[in-house]
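# I would like the atomic coordinates for the input below:
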Amino acid sequence: QFALRGHRTLAVSPMYTKPPPEEGFIYLGSAWVRLDQMDQEVRCMHKFVSFGEGKGCDYVLLDHGCYQHRPNGLYCDSKTGQDYGDNLYRFAMLSLAALEVPLRLKFNRVAYGQKVAFISNDWQAALVSVYLAHRYRRNGLYQDARNIHIVHNLGVSSVSRNYAYEIQTPQGGFGLDSFLSQKAKMLRFIGIQNALDEEWDPSTVPWPVKHSLGSTGVSRSTCQRKLAMVLRVREFVAEVLFGFVGRLTWQKGIDVLARVVPWLLGAGMQSFPGRAQLILMGEGEHHGKIRDAAYDGFACLMQMQQYQHLLKELELRNRGQVCGYTSFSPILEHQMMAGCDFILMPSRYEPCGLPQLAASLYGAVPVVTATGGLKDSIRGTQDGDAATGFLIQPPVSETSLRQELA
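All right, here's what the predicted structure looks like:
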């Protein structure tokens, strides 16, 4: 991410095993570090990985005998469970070499120099901060450098508060609930809600269709016409346009949604009887067997083939009302959020979920299962004027989805 944002970026790591020639690492030079009252040579193997547009990352592997010939584990012997006796030496070497590389080695004929920021991870690189302060700055080096040290395993986190609770239950833990509950008692167990990337910022969206909130002056009907052109379908003429964006998996409840489609497009909805259309976008996976009561028209298809075939079957059976897009396009995802009236997320479980956040930002109404991060990020109709969407009470089913949409 630093490199993608245009920063000159260098990653330094021990060379635990020699990379194969096709990896493209070449000898760049040596860093000399003084450790245990001896000057040690650390050979530096280099590779530049380009991300395009002149952006990329320099990778350096530190070639020294203390890192190699450890077949039973990087930090400890997996057969005995014991830490290696020379770990302090090995990772003091890593910290010192990481501080020497920006000073001594030239990358494309230019050294990184002293005005840098070090980001060190966990105990293996903890001495970077110590050596930076007590060995280098005391000798006039790295006066303008900065250091951030990241400590791992002080706690356990998930991508939402509610999911942190759910995975400690037999229903949501998938066999790890007792283990996670024990960890929660020993360590901090918190949920930190995911958020949208800045590419969703409505003021900077590069896609042809921007969001349809009032500040842009772009109406939702205009967005729907553009969306129809992209999908190469006739214009959406229904009074309400539903959308589904996600992986086509059992987790996402696509089978539940499929069974509701005839009702959704027919006279089932009291507000828009027979006047709804639906767009479904996603890539599928093979489905060994159906996990709930099957809708007869699709049971064989869902048992033997891919969920993405289901989308095409829904489109064929509902010409003019359903569009099934069996791939994924970030551009189309933005356009769906701008053009659809409702975004459907009948997930069986959802650690966080992002489509509901994008829908809320772009003016579409999310209809989601009250599970995981969906429950944390969407307020249902029980909150009155503060509601931001509709919540389906779990476990999601054809009946509960109908009740919320009716």
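# residues in contact with stretch 232-240: which ones?
By Cβ atoms under 8 Å, 6 or more residues apart in numbering, the list of residues contacting stretch 232-240 from outside reads 224-225, 227-228, 269, 271-272, 275-277, 320-321, 323, 339, 341-342. Every residue, glycine included, has its C-beta placed from N, CA and C.
# of these, closest to Gln393?
Lowest distance from Gln393 to the contacts of stretch 232-240 (Cβ to Cβ) belongs to Phe342, with 17.7 Å.
# and that closest one, backbone torsions?
Dihedral pair for Phe342: phi -130, psi 140, per degrees, to the nearest 10.
# how many neighbouring residues does it have?
Phe342: 19 surrounding residues under other Cβ atoms under 10 Å.
# what about the helix ranked longest in the chain, distance to the chain center?
Counting by DSSP state H, the longest helix found in the chain is helix 87-104. Counting by Cα atoms, centre = their mean, to the nearest Å, helix 87-104 is centred 32 Å from the centre of its parent chain.
# what residues of that helix count as buried?
Neighbour-count burial for helix 87-104 flags 90-102 (criterion: 16 or more other Cβ atoms under 10 Å).
# helix or strand right after that helix?
Going down the chain from helix 87-104, the next helix or strand is strand 106-107, by DSSP states H and E.
# that next one: partners in the sheet, and parallel or antiparallel?
Partner strands and pairing direction for strand 106-107 (DSSP bridges) are strand 110-111 (antiparallel).
# where do the helices of the protein begin and end?
Remark: helices assigned in the chain by DSSP H are 87-104, 127-131, 161-166, 177-186, 220-231, 254-265, 299-304, 307-317, 330-339, 355-362, 372-377, 398-405.
# wait, Ser13 touches Asp63, no?
No: using Cβ atoms under 8 Å, Ser13 is not in contact with Asp63, being 11.1 Å away.
# out of the helices of the chain, which comes closest to Val151?
Proximity to Val151 (Cβ to Cβ) singles out helix 127-131 among the helices of the chain, at 11.0 Å.
# what's that closest one packed up against?
On a contact count with 3 or more Cβ pairs under 8 Å, 6 or more residues apart in numbering; DSSP states H and E, helix 127-131 meets helix 87-104, strand 117-121, strand 146-150.
# who does the closest residue to Val128 other than its chain neighbours form a beta bridge with?
With sequence-adjacent residues excluded and distances taken as Cβ to Cβ, 6 or more residues apart in numbering, Val128 is closest to Ser120, at 4.1 Å. Following DSSP bridges, Ser120 is listed with bridge partners His149.
# please tell me how far Ser120 sits from Ile254.
43 Å (Cβ to Cβ, to the nearest Å).
# who's more crowded, the two?
Using other Cβ under 10 Å, the more surrounded residue of Ser120 and Ile254 is Ile254, with 26 against 22.
# contacting residues for the spatially closest residue to that one that is not a sequence neighbour?
Sequence neighbours aside, Leu248 is the residue nearest to Ile254 in space, at 5.1 Å (criterion: Cβ to Cβ, 6+ apart). By Cβ under 8 Å, 6+ apart, the contact set of Leu248 is 254, 282-285, 306-308, 310-311, 326.
# can you list those in JSON lines and add distance to Phe25 and pLDDT?
Shown next, in JSON lines, are those (distance: Cβ to Cβ, whole Å; pLDDT from 0 to 100):
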{"residue": "Ile254", "distance to Phe25": "44", "pLDDT": "92"}
{"residue": "Gly282", "distance to Phe25": "39", "pLDDT": "90"}
{"residue": "Glu283", "distance to Phe25": "34", "pLDDT": "82"}
{"residue": "Gly284", "distance to Phe25": "38", "pLDDT": "68"}
{"residue": "Glu285", "distance to Phe25": "36", "pLDDT": "54"}
{"residue": "Gln306", "distance to Phe25": "40", "pLDDT": "70"}
{"residue": "Tyr307", "distance to Phe25": "41", "pLDDT": "84"}
{"residue": "Gln308", "distance to Phe25": "40", "pLDDT": "80"}
{"residue": "Leu310", "distance to Phe25": "46", "pLDDT": "87"}
{"residue": "Leu311", "distance to Phe25": "44", "pLDDT": "89"}
{"residue": "Thr326", "distance to Phe25": "40", "pLDDT": "88"}
